[in-house]
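Chemist: A structural model of the following input is requested.
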Amino acid sequence: MDTSIIIQVVLLLVGFVFLIKGSDFFVDGASSIASLLKIPTIIVGLTIVAFGTSAPEAAVSITSSLTGNNAMAVSNVIGSNLFNILMVIGIAALLSELVMEKKVLEKDLPFLVGITVLWAIFIIIGWDITNIEGIILLIIMIAYIAYLVYDTKKSGGATEVEKPKYSLPYSIIFILVGLAGIIIGGDLVVDSASAIAIAFGMSETLIGLTIVAIGTSLPELVTSLTALKKGENQMVIGNVIGSNIFNILFVLGASSAISAIPLDSSMLVDVLFMIFVTFLCFVFGKTQDKYDRKEGAILIALFVIYMAFAILRN
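Modeler: Residues are numbered from 1 along each chain as shown. Have a look, this model is predicted:
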């Protein structure tokens with residue numbers, strides 16, 4: 001293998017480390033400040049932690065959008081959402097049954113299906129995501145967070161406040177270091193992934209759907225497997241659904257609000273497959289209020305088939 005390619009692979013891995021550790025630092029600092037301000041733990045989880053696990057996707061897609069790598073900006077989100085449902089839920093369900101919460105089944109999952117279809121409509125209308133459509137997605141995200149906070153307070157769940165981990169100065173340092181890591185990591189991943197794609201004759205779409213998407217989804221996988229180990233099975237579903245919602249509303253919304261993203265019509269198959277997988281996730285949950293091992297195996301098999309298709313198509 002050429003030395004320059006090896007260097008790009010190393011830079012890609014370093015970029016993922018910066019993204020993931022930067023997200024951890026950011027979440028720790030922001031959560032600590034929220035605790036100092038007496039903001040309830042559950043609201044911190046619904047907002048700051050949810051944003052933190054989607055920060056790697058946001059950094060990559062926004063950087064891609066700003067540098068004109070539009071295919072990677074979108075394929076990263078598609079690949080990440082597919083990986084979250086097919087592999088994170090699939091692996092978790094294979095290891096242990098995942099029982100669905102009523103709220104997730106009746107509100108969050110249908111909402112995810114709805115915004116996935118809305119985003120697909122935006123794309124199919126003009127094969128691009130305009131600045132206006134990006135702003136619409138961001139407005140929906142703000143409304144969604146506001147609803148979560150309101151619903152939590154209304155149900156009486158927003159009372160417990162976590163003890164601050166750090167003092168205010170340390171918390172601010174953690175946030176700044178975390179943001180720096182996210183930004184640097186995003187630049188490294190986009191630049192090195194683009195260089196690798198060119199060197200091997202691969203499309204930016206394929207790189208975004210596979211290597212970049214899997215790399216930026218590592219926080220969700222690690223978080224879900226950790227929750228599973230602790231017996232907090234329901235957190236796996238909430239983590240995946242929350243991350244996918246943020247990927248569409250915040251990551252794509254922010255990317256296209258900054259710079260309109262034109263798309264290639266060849267991505268129609270990927271968009272339609274993401275709709276199908278999201279709907280399948282809803283159907284599996286709705287039929288028996290849980291994901292069992294058989295459904296986990298089906299989800300993993302679908303991911304393998306899709307990866308094979310994406311690679312052969314290239």
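
Chemist: going forward, measure contacts and count neighbours with C-alpha atoms only.
Modeler: Noted.

Chemist: the bottom helix or strand of the protein by mean pLDDT?
Modeler: Sorting the helices and strands of the chain by mean pLDDT, DSSP states H and E puts helix 41-44 at the bottom, at a mean of 66.

Chemist: that one: what's the following helix or strand?
Modeler: Next helix or strand after helix 41-44 toward the C-terminus (DSSP states H and E): helix 50-66.

Chemist: who's in contact with that following helix?
Modeler: The contact list for helix 50-66 (Cα atoms under 8 Å, 6 or more residues apart in numbering) reads 19-20, 23-24, 26-27, 70, 72-74, 76-77, 80, 182-183, 185-187, 189-190, 213, 216-217, 219-220, 239, 242-243, 246-247, 250-252, 254-256, 258-261.

Chemist: ok, now with 7 Å
Modeler: By Cα atoms under 7 Å, 6 or more residues apart in numbering, the list of residues contacting helix 50-66 from outside reads 19-20, 23, 26-27, 70, 72-74, 76-77, 182-183, 186-187, 189-190, 216, 219-220, 242-243, 246-247, 251, 255, 259, 261.

Chemist: out of the residues you listed, which are inside helices?
Modeler: Within these, residues falling in helices by DSSP state H are 19-20, 23, 26-27, 70, 72-74, 76-77, 182-183, 186-187, 189-190, 216, 219-220, 242-243, 246, 255.

Chemist: who's in contact with Asn84?
Modeler: Counting by Cα under 7 Å, 6+ apart, Asn84 has contacts 217, 240.

Chemist: try it again at 8 Å.
Modeler: 217, 220-221, 240, 244.

Chemist: widest-spaced pair of those?
Modeler: Farthest pair in these (Cα to Cα) is Leu221 and Asn244. Separation: 12.7 Å.

Chemist: who's more crowded, those two?
Modeler: Neighbour count, other Cα atoms under 10 Å: between Leu221 and Asn244, Asn244 has more, with 25 against 22.

Chemist: report the contact partners of that one.
Modeler: 80-81, 84, 112.

Chemist: tell me who's in contact with Met72.
Modeler: 61, 64, 204-205, 207-209.

Chemist: quick one: which of these is most hemmed in?
Modeler: Ser61 (30 neighbours).

Chemist: helices or strands up against the helix or strand hosting Ile214?
Modeler: Counting by DSSP H and E, the element that carries Ile214 is helix 213-216. Judged by 3 or more Cα pairs under 8 Å, 6 or more residues apart in numbering; DSSP states H and E, helix 213-216 is in contact with helix 3-36, helix 50-66, helix 70-83.
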